[in-house]
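[1] got a predicted model here, sequence first, then my questions.
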Amino acid sequence: MPDRKLKILVVTQYFWPENMRINDLVRDFSEKGHHVTVLTGLPNYPEGSIYSEYRTAPREFSEYAGAKVVRVPLIPRGKRSVSLILNYASFFIAASVLGPWKLRAERYDAVFVYAVSPIMAAIPALVIGRIKRTPVFIWVLDLWPETLRAVGAVHNPKVLGCVGRLVSWIYNRADYLLLQSHGFFENVKKYCTKDIAAERLVYFPSWAEDDFSNIAQRTSTLLDRDDSVFTVLFAGNLGEAQDFPAIIEAAQSLAETVPIRWVIVGDGRMSEWLTHEVSARKMDNVLLLGRYPLEEMPGLFACADALLVSLKTNDVFEKTIPGKVQAYLASGKPILGMINGEAARVIEESGAGLCCPSGNARALADITSKLAALDREQQKQMGASGRQYYLENYSKPTLLARLEQLFRDATLRKGRL
């Protein structure tokens, strides 16, 4: 007898048309015939205001790849810290109060939470799970409250302690905690009861979007392939955590000695600083392309010889694997990492590229010139090794099949199948 199709509720503050990995999960489960409902907010990330296309025709965003999308009101992120806090609070309150009412006639086999920051987004799922007696799975993608301290958002020990107690309350009421990195386990256990069952903590890493596979034949209208230089590309958030002062220092130190082109794609808090520095230093070897949608990235990757990932070091960041690492591995391009911890381990273990300590501009310059000096076949082999490692460890079909089995096992234990 074939397996019965599951009824799955996904709770996420961020969802299509916002560009998030959770979109992949929803689409794939829906295409397999499962009945998927998404409880989410109004699209406003990362610009900070409600998308104009949504305001014009909200009904056109009530279904995604066959999945039903249920939205609750929220305060847009805006550009200030206060509005961001209100954005977080408004979603989990609205979803906790309005969500159960909007979904009152529905029954689910599993509730899945896409738990990027803030962790409070899991509260509506716990409320609905308790009402409907449905197992709740929280995909832990950030460590709270440690992330608040690591990024400098909160320093007060009493506030961090209060957030820690909230995290403990959430973790201990979830049925399963899915952890994106092996480095998360020790931290998460601190907030769980001592008798937490081992099967409740599950290693569940991220995958790369489908577009990043088989990029060899892609081209880009944004950047030309130039075999006369070695092209290093950084794609993603341009924030303080990515340590662009060290990247710029490394780029400048090589400007007169090695023909290297540094291409930076994305935007963020460091965008204006980067524009100013590149102009003031007259660095014609650095191209700032700005932000572009995900579908443009594979073509840009195809024009690069190496892909750069960087992250400042602290006890939290060292346990985290930035999502771009999986995309870089999937693309089959060599990786340069100015990064410590789990991400460095993955890059080195896979043979996909070269790493240096976080924040070390001189070392970044050294490994970049070393990679550029390798012949094309050696570079190609690095990329192929990374691609193979990705398929063995982060394959989306394999991961989603594991998740589906977790849902089924949980529902069997509840006596629902």
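    Sure, I can see it.
[2] tell me the spacing between Thr411 and Tyr108.
    Distance from Thr411 to Tyr108, counting by CB to CB, to the nearest Å: 9 Å. Quick note: C-beta positions are derived from backbone N, CA and C, even for glycine.
[3] what does Leu25 give?
    Counting by CB to CB - Leu25 and Tyr108 are separated by 15 Å.
[4] and Ala94, by the same measure?
    Distance, Ala94 to Tyr108, by CB to CB: 20 Å.
[5] quick one: which of the two has more around it?
    Neighbour count, other CB atoms under 10 Å: between Ala94 and Tyr108, Tyr108 has more, with 25 against 18.
[6] could you report the pLDDT at the more buried one?
    The model reports Tyr108 with a pLDDT of 96.
[7] over to Ile128?
    97.
[8] please, which helix or strand holds it?
    helix 123-132 (DSSP states H and E).
[9] can you give me the buried ones in that helix?
    Going by neighbour count (16 or more other CB atoms under 10 Å), the buried part of helix 123-132 is 123-129, 132.
[10] show me what contacts Cys303?
    219-220, 223-226, 231, 233, 263 (CB atoms under 8 Å, 6 or more residues apart in numbering).
[11] now list the buried members of these.
    Buried among those (16+ other CB under 10 Å): 220, 223, 231, 233, 263.
[12] looking at those residues, spot the one nearest Gly341.
    Distance to Gly341 across the buried ones among the contacts of Cys303 (CB to CB) is lowest for Leu233, with 22.4 Å.
[13] domain assignment for the protein?
    Listed by automatic domain parsing, the domain ranges of the chain are 7-207+395-413, 210-393.
[14] the inter-axis angle of the lengthiest helix in the chain versus helix 123-132?
    Across the chain, the longest stretch assigned as helix under DSSP state H is helix 81-102. For helix 81-102 against helix 123-132, the angle by axes from the mean of the first three to the mean of the last three CA atoms, to 10 degrees is 20 degrees.
[15] list the buried residues of helix 81-102.
    Buried-residue list, helix 81-102, by 16+ other CB under 10 Å: 84, 86-88, 90-92, 94-96, 98-100.
[16] and it, average pLDDT?
    Mean per-residue pLDDT for helix 81-102: 92.
[17] stretch 236-253 too?
    Averaged across stretch 236-253, pLDDT comes to 93.
[18] between the two ends of it, how far is it?
    Stretch 236-253 has its terminal residues 23 Å apart, counting by CA to CA, to the nearest Å.
[19] now the strands for the stretch 1-150 of the chain?
    Along the stretch 1-150 of the chain, counting by DSSP state E, counting those that start in this stretch, strands occupy 7-11, 35-40, 63-64, 67-71, 110-115, 136-140.
[20] just give me the neighbour total for Pro205.
    Neighbours of Pro205 under the rule other CB under 10 Å: 19.
[21] before we move on, what about the one 5 residues further on?
    Residues contacting Asp210 under the criterion other CB under 10 Å number 13.
[22] what segments of the stretch 151-300 of the chain are helices?
    157-173, 184-189, 244-254, 271-280, 297-302 (DSSP state H, counting those that start in this stretch).
[23] show me what the last one is packed against.
    The helices and strands touching helix 297-302, judged by 3 or more CB pairs under 8 Å, 6 or more residues apart in numbering; DSSP states H and E, are strand 230-235, strand 260-265, helix 323-331.
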